[in-house]
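Trainee: can you look at this prediction? I've put the sequence above it.
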Amino acid sequence: MGGGARGQERRRREGRAVSGRDVFEYALVRVVPRIERGEMINAGVLVYCRAQGYVGARVHLDEARLRCLDPTVDVVGVRAALRGYQGVCEGGARAGQAEGEDPGRRFRWLTAPRSTVVQPGPIHTGLTEDADKEADRLLELLVR
C-alpha cells in the first residue's frame with residue numbers, strides 16, 4: 001500500500017486503519033432458554049473483518065450455567081444451533097443456503113436480529129492485526 005495522504009485514504013476506504021490494524025466487527029452469540037424471561041448466557045462470538053476477508057465463530061457452552069436458567073433446556077438443540085453458526089462462518093457446504101456468499105454477507109445474515117433460543121447480540125467494532133486471534137481473545141474475555 002502506498003504511503004502519504006493518498007495511501008492513508010485508500011486504507012480507510014478498504015477498511016484498514018492507518019495504524020496497520022484493521023477495523024473488525026463482532027457480536028456475541030447468546031442463549032436465551034426462555035424468551036419470555038429474557039435471561040441469557042453468552043455462548044459464542046462472531047467476528048468479521050472485511051480487510052482480512054475473515055468471518056469466524058468461536059463457541060463455548062457452559063451447560064451447567066445454562067441449566068441454572070432452565071433445567072429443561074434442549075442442550076442438544078442449542079449445540080446444533082451453535083454448530084450452525086460455525087458452519088455458516090466456514091462457508092462451503094456447511095453454510096447451507098449461505099454457501100456461495102462472501103464473508104460480509106454471511107456475517108450480516110448471522111447477526112440479523114431474531115427471537116429464538118440462540119440469537120446474536122448487537123454488533124460492536126474494534127481494531128485488530130489478526131481477526132482470527134481476536135476471535136480467540138474475545139471468546140476468553142466475554143464468554144468463558
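Mentor: Perfect, thanks for sending it. All figures in this text were calculated on a predicted structure; none of them were measured in a lab.
Trainee: was I right about residue 47 contacting residue 28?
Mentor: No: the pair residue 47 / residue 28 is not scored as a contact, 10.7 Å apart, by CB atoms under 8 Å. Any C-beta I mention is one placed from the backbone N, CA and C, and that applies to glycine too.
Trainee: quick one: the helices in this structure?
Mentor: Per DSSP state H, the chain carries helices over the ranges 4-13, 63-69, 75-90, 103-111, 131-142.
Trainee: now mean neighbour count too, for these, in TSV please.
Mentor: Output for those, formatted as TSV (neighbours: other CB atoms under 10 Å):
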stretch	mean neighbour count
helix 4-13	12
helix 63-69	13
helix 75-90	16
helix 103-111	18
helix 131-142	17
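Trainee: run through the bridge partners of residue 30.
Mentor: In this entry, residue 30 is beta-bridged to residue 42, residue 119, by DSSP bridges.
Trainee: ok, and the closest non-adjacent residue to residue 136?
Mentor: The shortest distance from residue 136 to any non-neighbouring residue, by CB to CB, 6 or more residues apart in numbering, is to residue 58 (6.4 Å).
Trainee: what about that neighbour, how many neighbours?
Mentor: 24 (other CB atoms under 10 Å).
Trainee: OK, contacts around it?
Mentor: With contacts defined as CB atoms under 8 Å, 6 or more residues apart in numbering, residue 58 is in contact with 44, 45, 47, 135, 136, 138, 139, 143.
Trainee: that older thread, nearest to residue 38, of the helices of the chain?
Mentor: helix 63-69 (10.3 Å; CB to CB).
Trainee: specify the beta-bridge partners of the residue nearest the centre of the chain.
Mentor: Note on the chain: the residue nearest the mean C-alpha position is residue 46, at 0.8 Å, using CA atoms, centre = their mean. Note on residue 46: beta-bridge partners residue 27, residue 57, judged by DSSP bridges.
Trainee: can you tell me how far it is from residue 122?
Mentor: 11 Å (CB to CB, to the nearest Å).
Trainee: and the residue lying closest to residue 121 once chain neighbours are set aside, how close does it get to residue 20?
Mentor: Closest residue in space to residue 121, ignoring its immediate chain neighbours: residue 28 at 4.1 Å, by CB to CB, 6+ apart. Note on residue 28: its distance to residue 20, by CB to CB, is 27 Å.
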